[in-house]
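Chemist: No sequence on hand, only this structure:
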């Protein structure tokens, strides 16, 4: 699914290209669908809400296959053709500016993690008692043939609880969430989280659910979350720890408290506002688990370099086991990596797909409006590094165009031209375009029919006046019916 990083690969805009998507329909709340592209950096990309006044906060990262229906008509008949397609989704909390009240979720979807369509009003608070004031931190999981969105709801007294809604399929703008919103988990259900804590002005701190299938109990789910804990409450100080609960098999409504992880207490982590817990295994194997979380807010001593941290689980132990000796002391992600890729990220999420993993976080310490940064995890045994999240764009499922490839046949940083190699299993109408970091098209070296097999296309690195093109990063995009391929092109002299 994920292409290896090359010297030639795609880059979208650093200043986001924003426009109405041609033929857009109106989503929930009569918000128009908008189009944007990822801001690309050498080892990560960033998605921004198309509304420049919006900062993105906690989010869910999800991938699925969606059926798209086309209607074909003749003078005498009508035929509906179903085309399955792969999509990546962000559902995210909108904040800042006119959205500081944090009452809505945006929904963005993309076939390639580069080009995004966005419904800016996909979900909002309603009159249900436990989520009337705010909705925060969504988490998505498939259960019993439906997609459930668990999230934090905040009531009129600013008390936080966890509940869900669901949909038959997480699609594009036609996603329909159930009208009922079900609260399933609150501080009073546990033996350790503190309801109405005086140190927080009586406002219950209980949020940031992360859902996953229980690897040891088929049909059950595990829920990780953070809450104000009784250990810190006894010391009359603030602090959040990570807790875990297990559902009954086949149920999303019946949950059982499994306690909290002692090594996530403030006395161990030094984090006064721990948020965004989630767990993941090595390359989706179900082994060598990590529990990751964030140093949120702007606490003294934090300047963005130590926001993401994780603990490792002893081999053979259960990810639901809270025994302190089974988990390592917290490890700062940037120090583990030795590179600043995840600088300033918060509220991280991880997703395993066949062949690769994605790791993301919202850019809490960036200037201006925050976005969702995401990168690719490269596994080396049980250790990992991070690399650019370049992907081979997903196409219609089972489409013969899934085998189309775009690669650099010849390229050099000081070359006068770049040659692209295109391979296709069938004749195909396509165009190859080159864009700069601002999303402006700078060249269209091919627009026509590709013959079956191999085609080479040459791109000159000279202007019409014979001068060298400006140094920088560009992206080449091969587009055709059913999909597209993208590559980055770095020009230096």
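Modeler: It's in. It should be emphasised that the depicted structure is a prediction, and the values quoted were computed from it without experimental measurement.

Chemist: mind listing what's buried in the helix or strand harbouring residue 118?
Modeler: Under the criterion DSSP states H and E, the helix or strand holding residue 118 is strand 115-124. Buried residues in strand 115-124, counted by 16 or more other Cβ atoms under 10 Å: 115, 116, 117, 118, 119, 120, 121, 122, 123. (C-beta placed from N, C-alpha, C; glycine too.)

Chemist: Sheet partners, orientation included, of it?
Modeler: strand 33-37 (antiparallel), strand 104-110 (antiparallel) (DSSP bridges).

Chemist: Report the beta-bridge partners for the most centrally placed residue in the chain.
Modeler: Closest residue to the average C-alpha location of the chain: residue 61 at 3.5 Å, with Cα atoms, centre = their mean. Beta-bridge pairing for residue 61 (DSSP bridges): residue 90.

Chemist: Correct me if wrong: it contacts residue 88.
Modeler: Yes: Residue 61 lies in contact with residue 88 (Cβ atoms under 8 Å); the separation is 7.5 Å.

Chemist: So what's the model's average confidence on the helix or strand hosting residue 245?
Modeler: With elements delineated by DSSP H and E, residue 245 resides in strand 240-247, which encompasses its position. Mean pLDDT, taken over the full extent of strand 240-247, equals 98.

Chemist: What mean pLDDT does the next helix or strand after it get?
Modeler: Along the chain past strand 240-247, the next helix or strand (assigned with DSSP H and E) turns out to be strand 255-260. Model confidence over strand 255-260 averages 98 on the pLDDT scale.

Chemist: Which strands or helices does the helix or strand following strand 255-260 pack on?
Modeler: Proceeding N to C from strand 255-260, the next assigned helix or strand is helix 266-269, under DSSP H and E. Helix 266-269 sits against helix 230-234, with contacts defined as 3 or more Cβ pairs under 8 Å, 6 or more residues apart in numbering; DSSP states H and E.

Chemist: Could you pull out the buried residues of the helix it packs on?
Modeler: Taking 16+ other Cβ under 10 Å as the neighbour-count basis, helix 230-234 is seen to contain the buried residues 230, 231, 232, 233.

Chemist: hmm, back to that, for residue 149, find the nearest of the strands paired with strand 115-124.
Modeler: With Cβ to Cβ as the criterion, residue 149 lies closest to strand 104-110 of those, at 8.4 Å.

Chemist: which residues in the stretch 51-200 of the chain form helices?
Modeler: With DSSP state H, counting those that start in this stretch as the criterion, the stretch 51-200 of the chain has no helices.

Chemist: Low-confidence stretches in it?
Modeler: By pLDDT under 70, the low-scoring segments of the stretch 51-200 of the chain are 68-83.

Chemist: The strands paired with strand 115-124 into a markdown table, with extra columns for mean neighbour count and distance to residue 432?
Modeler: Compiled in a markdown table, the strands paired with strand 115-124 are given as follows (neighbours: other Cβ atoms under 10 Å; distance: least, Cβ to Cβ, whole Å):
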| stretch | mean neighbour count | distance to residue 432 |
| --- | --- | --- |
| strand 33-37 | 22 | 17 |
| strand 104-110 | 25 | 20 |
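
Chemist: among those, which is nearest residue 223?
Modeler: strand 104-110 (18.9 Å).

Chemist: For the closest one, give me every contacting residue.
Modeler: Under the criterion Cβ atoms under 8 Å, 6 or more residues apart in numbering, residues 36, 47, 49, 54, 56, 87-94, 116-125, 135, 138, 151, 172, 175 lie in contact with strand 104-110.

Chemist: repeat for stretch 167-175
Modeler: Outside stretch 167-175, the residues that touch it by Cβ under 8 Å, 6+ apart are 25-28, 33, 62, 64, 66-67, 87, 89, 107, 109, 117, 119, 122, 140, 146-147, 149, 176-178.

Chemist: quick one: that stretch to chain centroid distance?
Modeler: 17 Å (Cα atoms, centre = their mean, to the nearest Å).

Chemist: again, but for stretch 290-303
Modeler: Here stretch 290-303 shows a centroid-to-chain-centroid distance of 19 Å under the convention Cα atoms, centre = their mean.

Chemist: Repeat that for stretch 216-228.
Modeler: 20 Å.

Chemist: Give me the mean pLDDT for that stretch.
Modeler: Per-residue pLDDT over stretch 216-228 has a mean of 97.

Chemist: Stretch 301-311: which residues count as buried?
Modeler: Buried residues in stretch 301-311, defined by neighbour count with 16+ other Cβ under 10 Å: 302, 304, 306, 307, 308, 309, 310, 311.

Chemist: The stretch 201-350 of the chain: strands as residue ranges?
Modeler: Counting by DSSP state E, counting those that start in this stretch, the stretch 201-350 of the chain forms strands over residues 206-213, 221-228, 240-247, 255-260, 274-280, 290-295, 308-312, 331-332, 345-353, given from the N-terminal end onward.

Chemist: okay, these in JSON lines with distance to residue 477 next?
Modeler: As requested, these are exported to JSON lines (distance: least, Cβ to Cβ, whole Å):
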{"stretch": "strand 206-213", "distance to residue 477": "34"}
{"stretch": "strand 221-228", "distance to residue 477": "38"}
{"stretch": "strand 240-247", "distance to residue 477": "41"}
{"stretch": "strand 255-260", "distance to residue 477": "46"}
{"stretch": "strand 274-280", "distance to residue 477": "31"}
{"stretch": "strand 290-295", "distance to residue 477": "33"}
{"stretch": "strand 308-312", "distance to residue 477": "31"}
{"stretch": "strand 331-332", "distance to residue 477": "37"}
{"stretch": "strand 345-353", "distance to residue 477": "22"}
